[in-house]
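# Below are the sequence and a predicted model for it; my questions follow.
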Amino acid sequence: MTSSSSALAPSSIAERVAAVRVRIAAACHAAGRDPGDVTLTAVSKTQPPEAIDAILGTGQWIFGENRVQEAQGRWTERRATLPDLELRLIGPLQTNKAEDAVELFDVIETLDREKLARALAQAANKGGRSPRVLVQVNTGMEPQKAGVLPDAADALIAAARGTYGLTVDGLMCIPPADQDAEPHFAMLRALAERNGLSVLSMGMSGDYETAIRCGATHVRVGTALFGERNRP
């Protein structure tokens, strides 16, 4: 398929979703895990309405978005008619967008600094709604990438829980693109275990099977579900 319309046809989306679910189950079985313990998050950023409708038609209810404003335009109206929908923010969050993020998202996966923890707590108190959070760890210590550095993660987790009263479910990471992902996933798992956290959001289209082997509970998949998008 070469055109964007054919690549986003519902039958194609359905086939991709089914294939990813089969691969998730196979990776779980190979790792001696229950497939029910791994949640698929469909990364819907930049996707057009017809693609979103097609994937919703497969019974996929959990979605990851990178930007608050884009997600508001995509999901605010849909949310009113989709009670099972779960929205997860997987992109960096500015403190001045904390109130909007708290209002829209069920889970914020990108807590990476105490200033943001404070803003989220204040937004939750103001709006009466408190999303669950994951702490994003910059396992590769890449200066251009969001995430708390590994040696500061314990302190941030403690502050988010104790000082700010946030519900910290687990951790998230995005390994460096040019490195083997497995050591980064192993680092995240060890950090989670040390802090008594059960949720590990790690693994994307190119490495989610490795992430499952390393203990991922949530995998964030975009391209493998929607296909490559044509660029202008």
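Sure, I can see it.

# So which elements touch the helix or strand harbouring D154?
Per DSSP states H and E: D154 is located in helix 150-158. Here helix 150-158 touches strand 132-136, helix 182-194, going by 3 or more Cβ pairs under 8 Å, 6 or more residues apart in numbering; DSSP states H and E. Any C-beta I mention is one placed from the backbone N, CA and C, and that applies to glycine too.

# Can you mark which positions in that helix are buried?
The neighbour-count check on helix 150-158 (16 or more other Cβ atoms under 10 Å) flags 150, 153, 156-157 as buried.

# Which single one of those is nearest to G206?
Nearest to G206 among those: P150, at 22.4 Å, using Cβ to Cβ.

# Let me know whether that closest one touches Q136 as I believe.
No: applying Cβ atoms under 8 Å, one finds P150 not in contact with Q136, separated by 11.4 Å.

# So which helix or strand of the chain has the lowest pLDDT on average?
None of the helices or strands of the chain scores lower by mean pLDDT, DSSP states H and E than helix 4-7, at a mean of 42.

# and whichever helix or strand comes after that helix, what does it pack onto?
Counting by DSSP H and E, the next helix or strand C-terminal to helix 4-7 is helix 10-30. Secondary-structure packing of helix 10-30 (3+ Cβ pairs under 8 Å, 6+ apart): strand 39-43, helix 49-56, helix 208-213, helix 223-226.

# Buried residues in helix 10-30, which are they?
Those would be 12-14, 16-17, 20-21, 23-25, 27-28, for helix 10-30 by 16+ other Cβ under 10 Å.

# can you redo the residues you listed as CSV with distance to Y164 and pLDDT?
Formatted as CSV, the buried residues of helix 10-30 follow (distance: Cβ to Cβ, whole Å; pLDDT from 0 to 100):
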residue, distance to Y164, pLDDT
S12, 44, 88
I13, 39, 93
A14, 42, 93
R16, 39, 94
V17, 37, 96
V20, 35, 96
R21, 36, 97
R23, 38, 97
I24, 34, 98
A25, 38, 98
A27, 35, 98
C28, 34, 98
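
# Return the member of these nearest to S205.
Of all the buried residues of helix 10-30, S205 sits closest to V20, with 8.5 Å by Cβ to Cβ.
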